[in-house]
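Enquirer: From the sequence below, what's the structure:
(chains A and B)
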Amino acid sequence: MKKSVFFGALATAAMAAGVAGASTLDEVKARGTLNCGVTTGVPGFAEPDANGVWQGFDVAVCRAVAAAVLSDPNAVEFVPTTGKTRFTALASGEIDMLARNTTWTFSRDVDLKFEFTGVNYYDGQGFMAPADLGVTSAKELDGATVCIQTGTTTELNLADFFRSNGISYEPVPIETGAEAVQQYNAGACDVYTTDASALAAQRANFEDPTAHVIMPEIISKEPLGPLVRHGDNEWADIVRWTLNALITAEELGVTSANLDELAAGSDNPEINRLLGTEGDLGGMLGLDSDWAERAIGVAGNYGEVFEKNIGESTPIGLARGLNAQWTEGGLLYSPPFR
Amino acid sequence: MSDTHAQTVAFVRETEIPPSPPPAMEAGAVKWVRENLFSGWFNTIMTLVALYIIIRIVIGVFPWFFNGVWDAGSIRECRDILQGTTGACFAVLVDRWDHLLFGFNYPQDAYWRPTLAFVLLIVAAMPALFYMYIPSKFLIGTALYPFLAYWLLWGGSLWVPIAVLAAIILTGVVFRLVEGMTVSTRTVVAGIVGLAAGVGLAYLLYLGAQELWFISTSVGQAGLFGTIMSLVFKLCSVFTYVFFIPMGIFVGYAIYQSASDGGLVTVVTSLIAISVMMLYGVGPVSSVLNGIIPIELEAVESRQMGGFMLCMMLGAVCVSLSIPLGIVLALGRQSDMPLIKGVCVVFIEFVRGVPLITLLFVANVMLAYFFPPGSGLDLFLRVVIMITMFSAAYIAEVIRGGLAALPKGQYEAADSLGLNYTQATRLIILPQALKISIPGIVNVAVGLFKDTTLVSVISMFDIVGMIRGPIQQSTDWISIYWEPYLFAATCFFIVCYSISQYSQWLERQLQTDHH
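Expert: Residues are numbered from 1 along each chain as shown, chains lettered A, B, ... in the order given. Below is the predicted model:
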């Protein structure tokens, strides 16, 4: 009791070393729940349903990690964060990982001292405008008023795009996506810009989707992925390889339907290593050998999670596009399990 | 002479003619309309314009309400039902009713608990709000309500709030005991308490000095700001090192000296008693009692609270805490003692100079750095502290206005009656000052209640946070806008309008001037 808790913690914070004390894996196991930061709501990616249960594409990553580490996909404490509070929540140790539509950028990775553990959705910023505006390219938007969410990378991309094309615009700053759509539909701005996935999702729910066009230009790279704090590489490895396990499972044809059958053993050695019937990949992570089987067992492989939450059969209606496997012309390319 | 007219006049009326009704144009609704709406060409034009606008609004809005869809699973189903006609989609309120009221995380089988707490809140507030009609013994129920409400809302063991209540009662007993002692007994108590408090304070200051030095070395000396910060912390540390023993001796001696009039020693003894009981007594006692007779409800964490319930909780707690705190601050600001006056002035001016949203960010984000994960104060408590501080500073200024409005003669009259400061303040100054301050206090209270929606920016799901986040951003109700906000506005209007009506009624009740 030499140092009071308060001052001790103050000093720790002042040292700017974060709170990477004991290993996150041990903390999570001792606590029995995974604290996972999510959004306060993005359709299809993270949203509580009518019963208050979190659903969505990002939420599935949290559940997969919880299943791998704690053997229980429901042992997750979802901590909703806003665009402004998400990084402090992670840095202060309030959450163990952040799975919240967060763009992997240099400064966030290096300067804010986070570790991005992969990409679960390749996005890019696009523009949407009413069809009767007669605009076919974003480069014709000189002098347009643009609805834009504040505090996001899209704001900076927009400034870069217009500056490099030598055209002017007038921003209409807006806090949330729902307000942006409302403003856009009310005619407060000519153009609405945000990630193309969100544009497509919002347009699909307009009363008349055909009255709005999405410009062909994608003006930025927005690789969205889960992230953890610097300084605990073992924990980062667990999150990274859980995500990779979901992606690899799709590549190898492991689905929630045939998982049990393949987990008993198969002819494909990589499937066997993935599902723990050969080798000891789980032990290297500090987990047991069935970790990946449990992670895939929550909601299936990456493709199944995609189809269930944001795929073309859902109201969000996103095509796989860049997020197809590399074997099918997309960018998903998980390092091998060996 | 007397019968002169008897022959000339055929009929003499012996009763008064009944008053004929006023002309139709000068009575009832017609008169009102003529006088108020069509009293001149300007008013006539304005009336017609206003009527036109009102009719247009009603025509525009009525179908929206009338065609409203109450039964649908998503905004797309609503559109299918409406088939392109104008109409609201009130189905979102039906579908997410529980979420709007209680937040999406509150256990569904426990909805009766906040509902009961709300009903009891109204019952418990009655004796305080209508004290002139309800016997004052019912105030005991009001005093017990916070403990019961805490148990209902957060759950856990009933013995925890009971133990806290017992600790508070025991502290009151200690206070009375020390106050009622003879001077010689109290001198002994004052000696012991003074020694303990002096040594304790000196030890705490010594630890603080060590920590300040440690921080000064760790803030880093990169850049001018770092150097200055480091120097400031070093100075504070040295200052504390120099003064920790004299401060301990001074405070201990002051407590010992106060034995004869008993003011300081009574307060310090009570403070020590309640802190010791809270830190070491409440936990073990309640767990032992719960082991013997378990009375438990399912525990609910603060993070799981939301919806309008959260607004009501924050509003009720913060208003009831900030009024007494505001009174203390206002009296402190008027005090003749420079230290107390200085502290109050600095506090009030600092808090009034900072936006509430900044304080909320500090409560949510910065304090998370200061406390190690998991051991920090509850988020709800942090927010309550910040909002209470904020509104207490404003209420203090309102009450200061009331105090300043009292004629100097009232203070002098209290003095000349031989009342001491406490008696004069309680019996003469405050009743008058508070009566003057009622509109201002209610103004702050209503503002505070509406400000509780600001917690949505720190990702707490009050009713506005629920709408902006989980409802508008769900696949089912994507981009629904007017209906949920209209609902939230209605909820707030009901509460705020009731508060305002109550305060006007109270002002009429307290009116003492004669006209």
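Enquirer: backbone phi and psi for residue 121, please?
Expert: Picking chain A for this. phi -150, psi 120 (degrees, to the nearest 10).
Enquirer: separation between it and chain B?
Expert: Going from residue A:121 to chain B by CB to the nearest CB, to the nearest Å gives 16 Å. In this view, the C-beta of every residue, glycine as well, is placed from N, C-alpha and C.
Enquirer: tell me which element residue B:505 falls in.
Expert: Using DSSP states H and E, residue B:505 falls within helix B:482-509.
Enquirer: Show the average pLDDT along that helix.
Expert: The pLDDT scores in helix B:482-509 average 92.
Enquirer: does any bit of it sit next to chain A?
Expert: No: counting by CB under 8 Å from any CB of the partner chain, chain A is not contacted by helix B:482-509; separation bottoms out at 8.9 Å.
Enquirer: give the contact list for the closest residue to residue A:98 other than its chain neighbours.
Expert: Excluding its sequence neighbours, the residue lying closest to residue A:98 (CB to CB, 6 or more residues apart in numbering or on different chains) is residue A:37, at 4.0 Å. Neighbour list for residue A:37: A:79-81, A:86, A:89-90, A:94-95, A:97-100 [criterion: CB atoms under 8 Å, 6 or more residues apart in numbering or on different chains].
Enquirer: Buried only: go through these for me.
Expert: Among those, those buried by neighbour count (16 or more other CB atoms under 10 Å in any protein chain shown) are A:79-81, A:86, A:89-90, A:94-95, A:97-100.
Enquirer: mind putting those residues in CSV, distance to residue B:243 included?
Expert: Formatted as CSV, those follow (distance: CB to CB, whole Å):
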residue, distance to residue B:243
A:79, 43
A:80, 46
A:81, 43
A:86, 43
A:89, 39
A:90, 41
A:94, 37
A:95, 42
A:97, 47
A:98, 45
A:99, 51
A:100, 48
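Enquirer: Mind checking what secondary structure residue 242 has?
Expert: Here I'm looking at chain A. For residue A:242, the assignment made with DSSP: H, G, I helix; E, B strand; the rest coil gives helix.
Enquirer: that's the wrong chain, I wanted chain B
Expert: Quick answer, by three-state DSSP: residue B:242 is helix.
Enquirer: follow-up on the earlier one: which among the buried ones among the contacts of residue A:37 gets closest to residue B:343?
Expert: residue A:94 (32.4 Å; CB to CB).
Enquirer: I figured the closest one was touching residue A:79, is that so?
Expert: Yes: if you go by CB atoms under 8 Å, residue A:94 and residue A:79 touch, sitting 6.5 Å apart.
Enquirer: what sits in contact with each of those two?
Expert: Joint contacts of residue A:94 and residue A:79 (CB under 8 Å, 6+ apart) are A:35, A:37.
Enquirer: before we move on, back to that, could you tell me the phi and psi values at the residue nearest to residue A:98?
Expert: The phi/psi pair for residue A:37 (degrees, to the nearest 10) is phi -80, psi 130.
Enquirer: Also the one 10 residues further on?
Expert: Dihedral angles phi and psi of residue A:47 (degrees, to the nearest 10) take the values phi -160, psi 140.
Enquirer: got a list of what the nearest residue to it once chain neighbours are set aside touches?
Expert: Distances taken as CB to CB, 6+ apart place residue B:474 nearest to residue A:47, at 4.4 Å, with adjacent residues excluded. Applying CB under 8 Å, 6+ apart, we find residue B:474 in contact with A:41, A:43, A:47-49.
Enquirer: at 7 Å what do you get?
Expert: A:41, A:43, A:47 (CB atoms under 7 Å, 6 or more residues apart in numbering or on different chains).
Enquirer: out of those, who's nearest residue A:215?
Expert: Using CB to CB, residue A:43 comes nearest to residue A:215 of these, at 21.2 Å.
Enquirer: Check the gap between the closest one and residue A:203 for me.
Expert: 12 Å (CB to CB, to the nearest Å).
Enquirer: try residue B:34
Expert: Taking CB to CB, one finds residue B:34 at 56 Å from residue A:203.
Enquirer: So for these two, which residue has more residues nearby?
Expert: Shown here are residue B:34 and residue A:203; by other CB atoms under 10 Å in any protein chain shown, residue A:203 has more neighbours (19 against 12).
Enquirer: Count the residues that sit near residue B:93.
Expert: Using other CB under 10 Å, residue B:93 has 18 other residues around it.
Enquirer: Could you do the one 4 residues further on as well?
Expert: A total of 13 residues lie near residue B:97 under the criterion other CB under 10 Å.
Enquirer: residues touching it, list them.
Expert: Counting by CB under 7 Å, 6+ apart, residue B:97 has no contacts.
Enquirer: Then the one 3 residues further on?
Expert: Residues counted as contacts of residue B:100 (CB under 7 Å, 6+ apart) are B:93, B:307-308, B:463, B:466, B:487.
Enquirer: In strands only, show me these.
Expert: Counting by DSSP state E, no part of the contacts of residue B:100 is found in strands.
Enquirer: Out of those, the closest to chain A would be?
Expert: Of all those, residue B:466 has the smallest distance to chain A: 9.4 Å, by CB to the nearest CB.
Enquirer: low pLDDT regions in chain A?
Expert: A:1-21 (pLDDT under 70).
Enquirer: Just give the nearest non-adjacent residue to residue B:482, would you?
Expert: Using CB to CB, 6+ apart, the nearest residue to residue B:482 is residue B:88, at 7.0 Å.
Enquirer: Over to residue A:157?
Expert: residue A:220 (4.0 Å).
Enquirer: measure the one you found to residue A:129 for me?
Expert: 18 Å.
Enquirer: would you list every one of the strands in the stretch 251-400 of chain B?
Expert: B:296-297 (DSSP state E, counting those that start in this stretch).
Enquirer: now swap in the stretch 101-250 of chain A and tell me
Expert: A:114-116, A:121-123, A:125-130, A:144-149, A:169-174, A:191-195, A:212-214, A:222-224, A:227-229.
Enquirer: partner strands of the second one, parallel or antiparallel?
Expert: Sheet pairing here is set by DSSP bridges, and for strand A:121-123 it gives strand A:222-224 (antiparallel).
Enquirer: and if you look at the first one?
Expert: Pairing partners of strand A:114-116, with direction, according to DSSP bridges: strand A:227-229 (antiparallel).
Enquirer: Please identify the buried residues of the partner strand?
Expert: Under the neighbour-count criterion of 16+ other CB under 10 Å, strand A:227-229 has A:227-229 buried.
Enquirer: of those, closest to residue B:10?
Expert: Proximity of the buried residues of strand A:227-229 to residue B:10 (CB to CB) peaks at residue A:227, which lies at 112.0 Å.
Enquirer: Test my guess that that closest one contacts residue A:100.
Expert: No: Residue A:227 lies out of contact with residue A:100 (CB atoms under 7 Å); the separation is 8.7 Å.
Enquirer: Which neighbours do the two have in common?
Expert: By CB under 7 Å, 6+ apart, no residue touches both residue A:227 and residue A:100.
Enquirer: So which bits of the stretch 51-200 of chain B are right by chain A?
Expert: The interface of the stretch 51-200 of chain B toward chain A, taken as CB under 7 Å from any CB of the partner chain, is made up of B:75-76, B:79, B:95-96, B:104-105.
Enquirer: Got the domain ranges for the chain?
Expert: Defaulting to chain A. Annotated domains of chain A cover A:23-122+A:224-328, A:125-220 [automatic domain parsing].
Enquirer: should've been chain B
Expert: Listed domain ranges for chain B are B:1-63, B:109-155, B:157-297, B:301-515 (source: automatic domain parsing).
Enquirer: How far off centre is the longest one?
Expert: Using CA atoms, centre = their mean, to the nearest Å, the distance from the centre of domain B:301-515 to the centre of the chain it belongs to is 4 Å.
Enquirer: Report the contact partners of the closest residue to chain B within the stretch 151-300 of chain A.
Expert: Taking CB to the nearest CB as the measure, the stretch 151-300 of chain A has residue A:178 as its residue closest to chain B, at 3.5 Å. Taking CB under 7 Å, 6+ apart, we find residue A:178 in contact with B:468, B:472-473, B:479, B:481.
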